[in-house]
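> Structure, please.
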Amino acid sequence: MPKKNILVLCTGNSCRSQMAEGYLRYFCNDKSEVYSAGFEAHGLNPKAVQVMLEDGIDISHHTSNQIDDYKHTGFDYVITVCDNAKENCPYFPSTAKKYHYNFPDPVKASGTEEEILQQFRAVRDTIKDYCKKFAVDHLA
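Alright, predicted model coming up:
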């Protein structure tokens, strides 16, 4: 069975899409090639890297990419992880199946450092559950 190409889209490709890429790579293992991108490339969010490491997934080597970086890649699945990405998702000349889940943006969290980290962890856990179910439903 050929590997499926999965693209995860967000606005800045710094946090939610990076977490989803990390979990999809983990749960889909050798059944897919997983990419993430944004309409802008904001660089990796250090708190996203930190909370993913806490769960055993190292995304520190990921790069923050713009959607144009993949305009010649054929995708089987495109997952938007924020409403802004869904509303502005460009047309892909392919038969990619599109999925959407509007994960809260932990970058907008406020409070103490620990309260902010708790928001990052909560979003991480929601993304983890979504990615695990996606892998089971689409790549089992």
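> What distance do you get for His62 to Leu9?
As judged by Cβ to Cβ, to the nearest Å, His62 and Leu9 stand 14 Å apart. Where C-beta positions appear, they are placed from N, C-alpha and C, glycine not excepted.
> With neighbour numbers in mind, choose between these two.
Neighbour tally, His62 and Leu9, criterion other Cβ atoms under 10 Å: the higher count belongs to Leu9, 28 against 20.
> Nearest residue to the most centrally placed residue in the chain in space, please, no chain neighbours.
Residue closest to the mean C-alpha point of the chain, counted by Cα atoms, centre = their mean, is Ser17 at 2.4 Å. Using Cβ to Cβ, 6 or more residues apart in numbering and skipping residues adjacent in sequence, the residue nearest Ser17 is Cys10, 3.6 Å away.
> Are we agreed that Thr95 is in a helix?
No. Assigned with DSSP: H, G, I helix; E, B strand; the rest coil, Thr95 falls outside any helix and is coil.
> Identify the residues contacting the nearest residue to it once chain neighbours are set aside.
Spatial nearest neighbour of Thr95, chain neighbours left out: Asp76 (7.9 Å); criterion: Cβ to Cβ, 6+ apart. Going by Cβ atoms under 8 Å, 6 or more residues apart in numbering, Asp76 touches Lys4, Asn5, Ile6, Thr95, Ala96, Lys97.
> Who does the nearest residue to the last one once chain neighbours are set aside form a beta bridge with?
The one in question is Lys97. Among residues not flanking Lys97 along the chain, Tyr77 sits closest, at 5.4 Å (Cβ to Cβ, 6+ apart). Per DSSP bridges, the residues bridged to Tyr77 are Ile6, Lys97.
> Please name the residues that touch Tyr77.
Contacts of Tyr77 (Cβ under 8 Å, 6+ apart): Lys4, Asn5, Ile6, Leu7, Ala96, Lys97, Lys98, Tyr99, His138.
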